[in-house]
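Trainee: Requesting a structural model of the entry that follows:
(chains A and B)
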Amino acid sequence: SQQGEEDPQALSIQEGENATMNCSYKTSINNLQWYRQNSGRGLVHLILIRSNEREKHSGRLRVTLDTSKKSSSLLITASRAADTASYFCVYAGNQFYFGTGTSLTVIP
Amino acid sequence: DAGVIQSPRHEVTEMGQEVTLRCKPISGHDYLFWYRQTMMRGLELLIYFNNNVPIDDSGMPEDRFSAKMPNASFSTLKIQPSEPRDSAVYFCASRPTGQMNTEAFFGQGTRLTVV
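Mentor: So this is what the prediction gives:
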């Protein structure tokens, strides 16, 4: 299976705290992307980091990429209750392979 | 653009029946993907097309599953005969061609229940 793995599988934090999720993947990549899925809904693209980049920011999101370790992390700063969702890393060649996902719960 | 459109949103069918899921990708997107999401297996890539041609169908679970893309604006995923273990949410996604560093756009999914 080409499916990557994320940890933790589940994360529960208080509003205002930071949340960090990690992703490990298996193949060489052109880029790595993070998506969010609210319960029972479709997937929404959050951020993309190219294979030649090491860090990228978008609002409260910070993504790092270490291609030598085939790993990435997503940091959400100053979390809000609305951030409660599942987060997936997606690594892409031609096809898109999803990680197993991290379920984030932000407690108000 | 209205985004990737999937139909139906929900489907309940009896075991043994044929099920057809439909997808309309975003205009101009030449890659189309079908995914299945279950609690046990997460998001699995079933098949993807490029310019209407199936490129990799290694994720299709068995011969009961088939997918077609007769033109650039329409794709179907068919299950015949359906079984209870096919119950899942099926997502379709598309992305532009020739641009490796772009996101995929997902439909809202079809929730299939086979009883």
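
Trainee: need the residues of chain A near chain B, please.
Mentor: With CB under 8 Å from any CB of the partner chain as the criterion, chain A comes near chain B at residues A:2-3, A:30-31, A:33, A:35, A:40-45, A:48, A:50, A:88, A:90, A:92-101. From N, CA and C alone the C-beta is placed, and that goes for glycine too.

Trainee: now with 6 Å?
Mentor: A:30-31, A:42-43, A:45, A:50, A:95-96, A:98, A:100 (CB under 6 Å from any CB of the partner chain).

Trainee: Could I get the pLDDT score of residue B:23?
Mentor: pLDDT, residue B:23: 98.

Trainee: how much space is there between it and chain A?
Mentor: Relative to chain A, residue B:23 is positioned 12 Å away (CB to the nearest CB, to the nearest Å).

Trainee: residues contacting the spatially most distant residue from the centre of chain A?
Mentor: The C-alpha centroid of chain A is most remote from residue A:108, which lies 21.7 Å away (CA atoms, centre = their mean). Counting by CB atoms under 6 Å, 6 or more residues apart in numbering or on different chains, residue A:108 makes contact with A:15, A:81.

Trainee: next one: residue B:90
Mentor: The neighbours of residue B:90, taking CB under 6 Å, 6+ apart as the test, are B:21, B:36, B:110.

Trainee: Give me the pLDDT value at it.
Mentor: Taking residue B:90 on its own, its pLDDT is 97.

Trainee: Kindly confirm my reading that it is in a strand.
Mentor: Yes. The assignment for residue B:90, made by DSSP: H, G, I helix; E, B strand; the rest coil, places it in a strand.

Trainee: Weed out the non-buried ones from the residues of chain A next to chain B.
Mentor: The neighbour-count test (16 or more other CB atoms under 10 Å in any protein chain shown) applied to the residues of chain A next to chain B identifies A:31, A:42-43, A:95-96, A:98, A:100 as buried.

Trainee: ok, back up a step: closest to residue B:70 among the contacts of residue B:90?
Mentor: Taking CB to CB as the measure, residue B:70 lies nearest residue B:21 of the contacts of residue B:90, at 14.5 Å.

Trainee: So the closest one is in contact with residue B:112, correct?
Mentor: No. Counting by CB atoms under 6 Å, residue B:21 does not reach residue B:112; the two are 7.3 Å apart.

Trainee: Run through the helices of chain B in chain order.
Mentor: Remark: helices of chain B are absent; assignment by DSSP state H.

Trainee: where does it come near chain A, residue by residue?
Mentor: Counting by CB under 6 Å from any CB, the residues of chain B near chain A are B:42-43, B:45, B:48, B:100-101, B:103-104, B:106, B:108-109.
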